[in-house]
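A.B. asks: kindly return the folded structure for what I paste below:
(2 chains)
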Amino acid sequence: MSDYRIKADHLVKTFTRNEKKNRKVDINAVDGISISVKEKEIVGILGPNGAGKTTLLRMLSKLMKPTSGMVSIRLGEKEISDDIEVKRHIGYLSNNTKLYGRLSCRELLQMLGVLYGMSETDTKEKIEEISKVLSMESFMDNRIEKLSTGQTQRASIARCLVHDPQVYIFDEPTLGLDILSSAAIVDFMKAERERGKTILYSTHYMEEAEYLCDRIIMIHQGRIISEGTPAQLKTRTGTENLRDVFRELIEREGIADEH
Amino acid sequence: MNTKILWTLIKKELLDVFRDKKTVIMMLVVPIILYPLIFVGAMQVVAMISSNMEEQNYRIAVEAEDDGAFVHKLMEKSAENADAEEGDAYTLTVYDAWSMDSEPDFMAQLGEESIDVYVTGEVRDGKMEYDVYYLSSVTNSVYARDIVTDIFDDFRKEMTEEKIRQAGLDVHEILEPVVYETNDTASNEQSLGSIIGSILPFMLIVSLLMGTMYPAIDTTAGERERGTLETILTLPVTNRQLIVSKFITVASIGIISALLNILSMSGIAFYVYQIMDLETGTQSFDIIRFVPAILVCILSIFAFSLFISAVTMCVTSFAKSYKEANNYITPLMLAVMFIGYIGFIPNIEFTQTMAMVPVANICMLIKNILVFKIDYASIALVLLSNVAYAVIAILFLSRIYDSESILFGDGKGGVQLLEKRSNLKKGGVPTLSDVALVIALTIVLTLYAGSILQIKFGLAGVFGTQMILLLVPLFVVLYTKKDVFLTYGFVKTGVKGYIGGIFMILGLIMLNLVISVGLVYLFPDSAENVNTAFSAFWDNSIWESLLVIALAPAVCEEMLFRGMIFHSMKARYRISKAVIAVGVIFGLYHMSIVKFIPTGLLGIVLCYVVYKTGSIFPAMMMHFINNAFSVLISYYPQQIGEIFPIMMQETFSVSDILLLLGAGLILLGIGLLFLKNKQGMNNAKKSDKKETA
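C.D. replies: Residues are numbered from 1 along each chain as shown, chains lettered A, B, ... in the order given. Next up is the predicted model:
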């Protein structure tokens, strides 16, 4: 597949754990995963807890260095694999990416603009635009620690938007949100896809994935166990919905996960 | 571009830190409000005490067979002091037992504090002898006693003069055959400098430490706790930029708070000086003379703030929360303050070596510069060494920020000693952080307690030092619920291990003999020290010496170095790294240039034997043989000389050296053959089974 926006080749991430008795055990949290996502595509990463989703997404967004394998993105004819350069074109959001509570939204976004190498006027314009799109006008100058959960989530999304990235990588973006807030995020992702953006995200909500994703990648114990459109997966396993696809595939792997 | 990113990051950190109330309070309130408040409070207390003194009345009971002579003296003194200068005035109420009708129990009254002092006097052998009873626990009683003794001194002087006069001699000539007067030739600036120099360094160090502590925690552990670390890692910013920006932030806050502290303190000092000037009008200082000192102080503040910020950040980066960071920083704080006390100790020479010791060097530099002992080499050395240590710490810091297990990990492997005991899991070996703490603790303890013990109790003190080495680590192992057998390698091993061990240690003794000769040649001074230190124990019997110098270290040092330290290192690092590290630590522990290489080698060989046999016991035996050998040599030099003439020679010929080297290497080789098959694996498995059973 040469037509890609972000691509991962045989990603492996090995963690060395000190098991009981001074014996070291190497665990491949991600064990040779290759992924390629096009523009205008939403790909969902599904898998049980501990399957390696977070590690995979962290490597894709260059937060973690893979033990082996490579991540690169393509913009036009240009292929980029340098860590810092790739980061410029990625908007990464997870439950661990909290915001600086003592700064106001505007201060945070302005700072990010400079760090992403944008000019001051560009940043200002972008902030105005984001502020309108996410209807953040009322709390733009408030300190982030004083915002409500929904407002904080919008500020987090604003953080990913400032530099107008081509690729979004979201790790469980709707976890623990109420229906309205998570619907807003789903709508946001759909809108961004229409704007030609590439989105990779992990979730535990099967209905949401079925509704949103162009393609789904199921991973288990660091490996891809199945990949395809929601419809393809259902016919392949002979089941009715994604929830059953998930269970069927995991059971086929022969290991029932305790989660 | 680069500076723009750096500046933005710094701006963000500063904004973030300054919006934290705790930091601002620590930084501003302490110097600007607390110091003046303390000062005003102290003035108030002093004023209260002096006003209290004005109305002071001391009650003195007298029961003396001197016809009222002493009572008379007391009355005189009382009248004299009733209208003395402000603050010094007091009156005396005198109860004379002879002029009273009843006979009160003055002793009991003294106990009830209804009188302050009770004086008795009787004639013994034709001489007046007085006894003064007072309560050292009551302030007024002590003051009253001082008044009484002063009177006695006057009384005695008068009597003496009287007697001399009666004998027809010249009073002045007899009482003061020699006259002297002391004259202070130090300039006013010098005496002021020495006063400031003993306090200022400590104040500076503590204020810098306090100033940097909060921002250091906030930018490292605080960032992790608030979950913004992962956010900042998504940015197109290098780790180096991140660390440098955090470091600059912390260091500059440290500098600001130190400057505020100094400003506030000097404000108070200036105020006091003004008052003194108004009151006495005699002391005058030429402030210009202090300009170089002030400049050096400011440079020192800059250098030290770089150093202390980098070090505190290194410590706090391991913590995942504020609370944990506070735990980690407390020992650091104590250590820094402890070293900082050096400024208060008089007569410490500021040597070139001292100029490289962190914290102590800043204290000594400021102290010296304030008494105008300016030495440009030392100034440069102190400033440069602080900057160098800061750079090393920052390099270390960037390694931490490159380590994903620390950034994303759950923070396991930290200092378990500071965690709640109920949270700790049973089994395994101590974490490296705990071991590092144990090494630091035992070194400090053996340095201080050990040397006191050795000076006071000689050989028994050495035994006590060994007990410190045994008990401190053992406590940590037991407290953190570690597996004692695994940690110390208390595992049975075959006879092969012991035979191999004997060959190896004999070989090593020969090799070390050659090495020692070379080292003694290179460092004759330190070699002499080693010899004299050893001969101090010759008064004891050989059995005592064998017990203390050979057996105790064989058990205690082995348990610490080849047991705890080696096994916890083995759990984390490759075996070669662990063996060499233990050797180096063991060598350093002996704290002598001459001993470093031989003991380091010994440490490595012993470690290797523990690794191969899986047991500590052969190593204990080897250590005993090694130490017993040196004890025997010092007790029976002649007999040893007859058996091994080569050992006792003063100088070695080339052929001797070759012979020793060859024999040593052959013995080591034979020993290695015996240890070829690793027995540790089988034993480890066996002990596994034991536990599961």
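
A.B. asks: for the residue in the stretch 251-400 of chain B positioned nearest to chain A, phi and psi?
C.D. replies: Minimum separation of the stretch 251-400 of chain B from chain A (Cβ to the nearest Cβ) falls at B:Lys320, amounting to 12.3 Å. All C-beta atoms are positioned from the backbone trio N, CA, C, and that covers glycine. Per-residue torsions, B:Lys320: phi -100, psi 0 (degrees, to the nearest 10).

A.B. asks: touching, it and B:Arg224? I think so.
C.D. replies: Yes: the pair B:Lys320 / B:Arg224 is scored as a contact, 5.2 Å apart, by Cβ atoms under 8 Å.

A.B. asks: more neighbours, these two?
C.D. replies: B:Arg224 (24 against 18; other Cβ atoms under 10 Å in any protein chain shown).

A.B. asks: and that one, helix, strand or coil?
C.D. replies: What DSSP: H, G, I helix; E, B strand; the rest coil gives for B:Arg224 is helix.

A.B. asks: likewise for A:Ile127?
C.D. replies: Note that with three-state DSSP, the state of A:Ile127 is helix.

A.B. asks: before we move on, what about B:Ile60?
C.D. replies: Judged by three-state DSSP, the three-state class of B:Ile60 is strand.

A.B. asks: B:Pro36 reaches B:Ser264, doesn't it?
C.D. replies: Yes: using Cβ under 8 Å, B:Pro36 makes contact with B:Ser264 at a distance of 7.1 Å.

A.B. asks: so which of these two has more stuff around it?
C.D. replies: B:Ser264 (20 against 14).

A.B. asks: any idea how far A:Ile169 is from chain B?
C.D. replies: To chain B, A:Ile169 is 9 Å away according to Cβ to the nearest Cβ, to the nearest Å.

A.B. asks: quick check: bridge partners of that residue?
C.D. replies: For A:Ile169, the beta-bridge partners under DSSP bridges are A:Tyr92, A:Leu200.

A.B. asks: within range of chain B, give me the residues from the stretch 1-150 of chain A.
C.D. replies: By Cβ under 8 Å from any Cβ of the partner chain, the part of the stretch 1-150 of chain A that sits against chain B consists of A:15, A:18, A:20-22, A:58, A:61, A:63-65, A:84-85, A:87-88, A:90, A:92, A:94, A:96-103, A:107, A:111-112, A:114-117, A:143.

A.B. asks: now swap in the stretch 151-259 of chain A and tell me
C.D. replies: Residues of the stretch 151-259 of chain A lying near chain B (Cβ under 8 Å from any Cβ): A:Arg159.

A.B. asks: what segments of the stretch 151-259 of chain A are helices?
C.D. replies: In the stretch 151-259 of chain A, the segments counted as helices under DSSP state H, counting those that start in this stretch are A:179-194, A:206-212, A:230-237, A:242-252.

A.B. asks: show me which of the residues of the stretch 1-150 of chain A next to chain B are buried.
C.D. replies: For these, a burial check counting by 16 or more other Cβ atoms under 10 Å in any protein chain shown picks out A:15, A:18, A:22, A:58, A:61, A:63-64, A:87-88, A:90, A:92, A:94, A:96-103, A:107, A:111-112, A:114-116, A:143.

A.B. asks: does A:Leu134 touch A:Ala158 like I think?
C.D. replies: Yes: the pair A:Leu134 / A:Ala158 is scored as a contact, 5.8 Å apart, by Cβ under 8 Å.

A.B. asks: ok, those two, which is more surrounded?
C.D. replies: Using other Cβ under 10 Å as the criterion, A:Leu134 and A:Ala158 rank with A:Ala158 on top: 23 against 19.

A.B. asks: pLDDT wise, what is the more buried one at?
C.D. replies: What the model reports for A:Ala158 is a pLDDT of 92.

A.B. asks: I'd say it and A:Gln110 touch.
C.D. replies: No: shown here, A:Ala158 and A:Gln110 do not form a contact pair, counting by Cβ under 8 Å, at 11.7 Å.

A.B. asks: quick check: the residue of the stretch 51-200 of chain B nearest chain A.
C.D. replies: Counting by Cβ to the nearest Cβ, the stretch 51-200 of chain B gets nearest chain A through B:Leu200, at 34.5 Å.

A.B. asks: okay, and the closest residue to B:Ser257 other than its chain neighbours sits in which element?
C.D. replies: Nearest non-adjacent residue to B:Ser257, counting by Cβ to Cβ, 6 or more residues apart in numbering or on different chains: B:Gly211, 2.9 Å away. Using DSSP states H and E, B:Gly211 sits in helix B:188-217.

A.B. asks: from the contact counts, what lies against that helix?
C.D. replies: Applying 3 or more Cβ pairs under 8 Å, 6 or more residues apart in numbering or on different chains; DSSP states H and E, one finds that helix B:188-217 contacts helix B:21-24, helix B:239-279, helix B:291-316, helix B:322-340, helix B:360-370.

A.B. asks: burial measure for the single nearest residue of the stretch 101-250 of chain B relative to chain A, as a count.
C.D. replies: Proximity of the stretch 101-250 of chain B to chain A (Cβ to the nearest Cβ) peaks at B:Gly227, 3.4 Å away. Neighbour count of B:Gly227, defined by other Cβ under 10 Å: 15.

A.B. asks: what's the answer for B:Leu6, then?
C.D. replies: There are 17 residues near B:Leu6, going by other Cβ under 10 Å.

A.B. asks: just the pLDDT for residue 28.
C.D. replies: If you meant another chain, say so; for now it's chain A. 87.

A.B. asks: switch to chain B, that's the one I care about
C.D. replies: So B:Leu28 comes in at 76 (pLDDT).

A.B. asks: and it, that one's in a helix?
C.D. replies: Yes: assessed by three-state DSSP, B:Leu28 belongs to a helix.

A.B. asks: that one: what's it in contact with?
C.D. replies: For B:Leu28, the contact set (Cβ atoms under 8 Å, 6 or more residues apart in numbering or on different chains) comprises B:Leu260.

A.B. asks: do you have the strands of the chain handy? List them.
C.D. replies: Reading this off chain A. For chain A, the strands defined by DSSP state E occupy A:6-19, A:23-37, A:41-46, A:68-75, A:78-80, A:90-93, A:167-171, A:198-202, A:215-220, A:223-228.

A.B. asks: not quite, I wanted chain B
C.D. replies: Under DSSP E, chain B gives strands at B:57-64, B:91-96, B:117-124, B:127-133.

A.B. asks: deepest of these, which one?
C.D. replies: strand B:57-64 (a mean of 21; mean count of other Cβ atoms under 10 Å in any protein chain shown).

A.B. asks: ok, it: who's next to it in the sheet?
C.D. replies: Paired with strand B:57-64 in the same sheet, following DSSP bridges, are strand B:91-96 (parallel), strand B:117-124 (parallel).

A.B. asks: just the residues contacting the last one, thanks.
C.D. replies: So that's strand B:117-124. For strand B:117-124, contacts defined as Cβ under 8 Å, 6+ apart pick out B:58-66, B:70, B:106-107, B:109-110, B:128-134, B:141, B:144-145, B:148.

A.B. asks: give me every residue in chain B lying close to chain A.
C.D. replies: Going by Cβ under 8 Å from any Cβ, the residues of chain B near chain A are B:1, B:4-5, B:8-9, B:11-12, B:15-16, B:19-20, B:226-228, B:230-231, B:233-238, B:404-405, B:408, B:412-413, B:427-429, B:486, B:567, B:570-572, B:684, B:688.
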